[in-house]
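Asker: model this:
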Amino acid sequence: MESRKNPRKGKRPSENPLPPIIETAVEYHITDGEDFMDEIFRKDLEISWGFVRARISREEYVEAYWTVVNELLSHGEHKFFVALDPYNRYLGHVWVCITEDTVDFIPVAYIYDIETVEEARGWGIGSELLKKAEEWAKERGALKVLLRVDIDNPAVGWYKRRGYTERAVIMEKPLPG
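Answerer: Numbering: from 1, shown residues only. This is a model prediction of the structure:
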């Protein structure tokens, strides 16, 4: 992805620094994420690295990450929404894609990613991002929303409280190397 230049680079720090995100997150708004793609993927890459179970280097992970992201972006209709504080600082995002269900052969929305920065959790930002993605998907004819979350992720309960249920179980077996 093309990196954007920092418009503040080279400028003196403001005499009135911005308040901490933990204080401003309560006044968030959700908007189109297209202008925040660099930040969305930077944050996702950082957070996703914490879930990696494979024994690979950070460099191998980054390369694999971009390979998968580019492959995902090559299929379906994608939308990104971002949550911002009143100073337009990134608080979180959701990435949703309209695709076809491989079992029922109907249009579905797949949530590839949803993140909220730690300092902004507890204000309903994730819930509003998820709601926005669901609304967008419904407007485009999706009949259901799918997502994947590891069974030991604390977010499982969060999704259940928002109406998501288990439909299938993903099973895995490591193969001897």
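
Asker: what about the helices in the chain?
Answerer: 21-24, 37-49, 58-73, 125-139, 155-161 (DSSP state H).

Asker: most packed of these?
Answerer: Counting by mean count of other Cβ atoms under 10 Å, helix 125-139 has the highest mean neighbour count of these, with a mean of 19. All C-beta spots, glycine's among them, are computed from the backbone N, C-alpha and C.

Asker: put the alpha carbons of it into CSV.
Answerer: Output in CSV follows, covering the C-alpha atoms of helix 125-139 (Å, rounded to 0.1, in the frame of the first residue of the first chain):
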residue,chain,number,x,y,z
ILE,A,125,-17.5,1.5,19.4
GLY,A,126,-17.1,-2.1,18.3
SER,A,127,-20.9,-2.6,18.6
GLU,A,128,-21.5,0.4,16.4
LEU,A,129,-18.9,-0.7,13.8
LEU,A,130,-20.5,-4.1,13.7
LYS,A,131,-24.0,-2.6,13.3
LYS,A,132,-22.8,-0.4,10.5
ALA,A,133,-21.3,-3.3,8.7
GLU,A,134,-24.5,-5.3,9.1
GLU,A,135,-26.6,-2.4,7.8
TRP,A,136,-24.3,-2.0,4.8
ALA,A,137,-24.4,-5.7,4.0
LYS,A,138,-28.2,-5.9,4.3
GLU,A,139,-28.5,-2.9,1.8
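
Asker: which helices and strands sit right next to it?
Answerer: Contact analysis of helix 125-139 by 3 or more Cβ pairs under 8 Å, 6 or more residues apart in numbering; DSSP states H and E lists strand 29-32, strand 77-84, strand 90-100, strand 107-116, strand 145-147 as its packing neighbours.

Asker: between those strands, which gets nearest to residue 59?
Answerer: strand 107-116 (21.6 Å; Cβ to Cβ).

Asker: low-confidence ranges in the protein?
Answerer: 1-16 (pLDDT under 70).

Asker: ok, residue 140 - contacts?
Answerer: Shown in contact with residue 140 (Cβ atoms under 8 Å, 6 or more residues apart in numbering): 77, 98, 107, 109.

Asker: show me which of the residues you listed are buried.
Answerer: By neighbour count, with 16 or more other Cβ atoms under 10 Å, these hold 98, 107, 109 as buried.
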